[in-house]
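> I'd like to go over a predicted model; first the sequence, then the structure.
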Amino acid sequence: MWGTQLTSAIKLAAQARGYSKAAKDFEDKGQFVKARELYLKSSKLYNEASSINTDRTERNTQRDIAQHLFSKAQSLKSNSPNSTKVETENHNFNDQQDEESISKSDFVLKEIPKIGFDDIGGLNDVKEDIRKAMIYPFTHKELYQHYGQKAGEGILLYGPPGCGKTLMAKAAAKECDAEFINVKTSNIVSKWVGSSEKNIKQIFETARKSKKAIIFFDEIDSIAGKRSDSKDYSKRMVNELLAQMDGVEQIDSDILVLAATNEPWNIDPALRRPGRFSKLLFIPEPDHDARLAIFNIYLESRPIDPHLCLDELAANTEGYSGADISSICKEAADIPLNEALKGGLIRNIELRDFTTVILRRSPSIKSWYIGAQRSIKNSGEESIFKDILERVA
Ligand SMILES: Nc1ncnc2c1ncn2[C@@H]1O[C@H](COP(=O)(O)OP(=O)(O)O)[C@@H](O)[C@H]1O
Ligand SMILES: [Mg+2]
């Protein structure tokens, strides 16, 4: 899947390059309105590319280019005495529409998640930790107050990709019946450009309007990198996030902030101080029982051979993530489906289908551990991420 994402990112970036080249031509000819329109289009595409690019360095470069092009478009807006009314009409260019297209809805999604803890296989310790940190303070408010315990500690979920971080955040919101404010951090970056702090504020204001809300920053590394390594606009973003989280701690007992990342070592350490994301929860790859539970979830409504031993499938998928297992089930089901489409018998999904699929797919977790262990050692944060270092990669 990562390979496909990378290909799409490359295509988007190529398209973006085309737009920025055309924008420059219009700018050189003095047609600033059209130039601005194309710079904005290019900036948006570079951001889309960066949001799906799996290569961290390229991702950052594309984001920086997007930022640069956006600023360029902004500067044309204020310095375009030459742009004529005719040009404006010709291109039906409308500032307000442009501002709206960079509006809150692009990075904040309010939703009521449908999945709960039962839809997540395994991870029982993590579920209990989340109940204590996020659910019981809501459901047993008086008890918590009685003992002087406050809710509101932010939680950072971290671990290998595809193992249920995003799933867990959504399920947590459903379990405590809170509004789920899903912040699309990869999109936010584009919208920060020029008005980053304002947008962070807006997210928290949106949450304050709800009776009870969970703000979830998925892939938070894309907006909360170490300030020492980052550009000015990123620094301002992290500072605002810190200020808002401190505000939540002091005044908003009905807002909880959750975040997830595959690269916790890349996050600004100030975000982990008390009152902010002070609780770190490791979401590991599924163990045998968890894999069994995940197979059960994804095969529950599919026609499987009654002799199929799910225990055996779980035993043969060590090192595979929950996302891998979900794909294995889909691909195994595709085999008899395709046969039937070609006129073959309609049969159940059998062990041999799973074996075929498992053999052609290698476990995705190992390479993540190798990279993670190297990065943690380089960052000097060995004591914080012991969970990751202790695993045999
Ligand atoms: N423990 C699990 N139980 C059930 N499905 C899982 C589990 N872990 C991962 N999945 C599947 O993998 C997909 C990706 O999981 P996700 O939560 O987005 O991973 P992460 O956020 O850790 O990268 C989910 O949509 C789900 O289909
Ligand atoms: Mg995720």
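Looks like it came in fine. Numbers count the residues shown, from 1 in each chain. Ligands and ions are numbered 1, 2, ... in the order given.

> switch to C-alpha atoms for all contacts and neighbour counts from now on
OK.

> So is the helix or strand hosting residue 127 next to ligand 1?
Assessed by DSSP states H and E, residue 127 sits inside helix 124-130. No - on the criterion CA under 6 Å from any ligand atom, helix 124-130 is out of touch with ligand 1, staying 9.7 Å away.

> If we go by neighbour counts, what in that helix is buried?
Going by neighbour count (16 or more other CA atoms under 10 Å), the buried part of helix 124-130 is 126, 127, 130.

> Can I get those in a markdown table including distance to residue 74 and pLDDT?
Listed next are those as a markdown table, based on distance: CA to CA, whole Å; pLDDT from 0 to 100:
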| residue | distance to residue 74 | pLDDT |
| --- | --- | --- |
| 126 | 46 | 91 |
| 127 | 46 | 93 |
| 130 | 43 | 88 |
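
> And those, which is closest to residue 154?
Nearest to residue 154, judged by CA to CA, of these is residue 130 at 10.9 Å.

> Would you mind measuring the gap between the ends of stretch 204-214?
The stretch stretch 204-214 measures 10 Å between its terminal residues, going by CA to CA, to the nearest Å.

> hmm, who's touching it?
173, 178-181, 215, 244, 252, 254-258 (CA atoms under 8 Å, 6 or more residues apart in numbering).

> Spatially, which two of those residues are the most separated?
173 and 244 (20.3 Å).

> And the two? Which one has more around it.
Between residue 173 and residue 244, counted using other CA atoms under 10 Å, the more crowded position is residue 173 (27 against 18).

> separation between residue 64 and residue 33?
Distance from residue 64 to residue 33, by CA to CA: 23 Å.

> between those two, who's got more neighbours?
Taking other CA under 10 Å, residue 64 and residue 33 do not tie; residue 33 has more neighbours (27 against 20).

> distance of that one from residue 26?
Distance, residue 33 to residue 26, by CA to CA: 9 Å.

> Kindly report the domain assignment for this structure.
The record's domain parsing of the chain by automatic domain parsing lists 2-101, 108-282, 288-360.

> The contacts of stretch 204-214 in strands, which ones?
Counting by DSSP state E, the contacts of stretch 204-214 place 179, 180, 181, 215, 255, 256, 257, 258 in strands.

> ok, so of these, who is nearest ligand 1?
residue 258 (12.3 Å; CA to the nearest ligand atom).

> pLDDT added to the ones in strands among the contacts of stretch 204-214, as TSV?
Shown next, in TSV, are those (pLDDT from 0 to 100):
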residue	pLDDT
179	86
180	89
181	89
215	91
255	85
256	87
257	90
258	92
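
> Include neighbour count and distance to ligand 1 when you put those residues into a markdown table, please.
Below are those laid out as a markdown table (neighbours: other CA atoms under 10 Å; distance: CA to the nearest ligand atom, whole Å):
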| residue | neighbour count | distance to ligand 1 |
| --- | --- | --- |
| 179 | 21 | 18 |
| 180 | 26 | 15 |
| 181 | 26 | 16 |
| 215 | 26 | 15 |
| 255 | 26 | 21 |
| 256 | 25 | 18 |
| 257 | 23 | 16 |
| 258 | 25 | 12 |
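
> any chance of those in a markdown table, plus distance to residue 389?
Output for these, formatted as a markdown table (distance: CA to CA, whole Å):
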| residue | distance to residue 389 |
| --- | --- |
| 179 | 35 |
| 180 | 32 |
| 181 | 32 |
| 215 | 29 |
| 255 | 33 |
| 256 | 29 |
| 257 | 27 |
| 258 | 24 |
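
> Next, count neighbours for residue 343.
With other CA under 10 Å as criterion, residue 343 counts 9.

> Mind telling me what element it is part of?
Going by DSSP H and E, residue 343 is not part of any helix or strand.

> what residues are up against residue 299?
Taking CA under 8 Å, 6+ apart, we find residue 299 in contact with residue 329.

> Sounds good, over and out.
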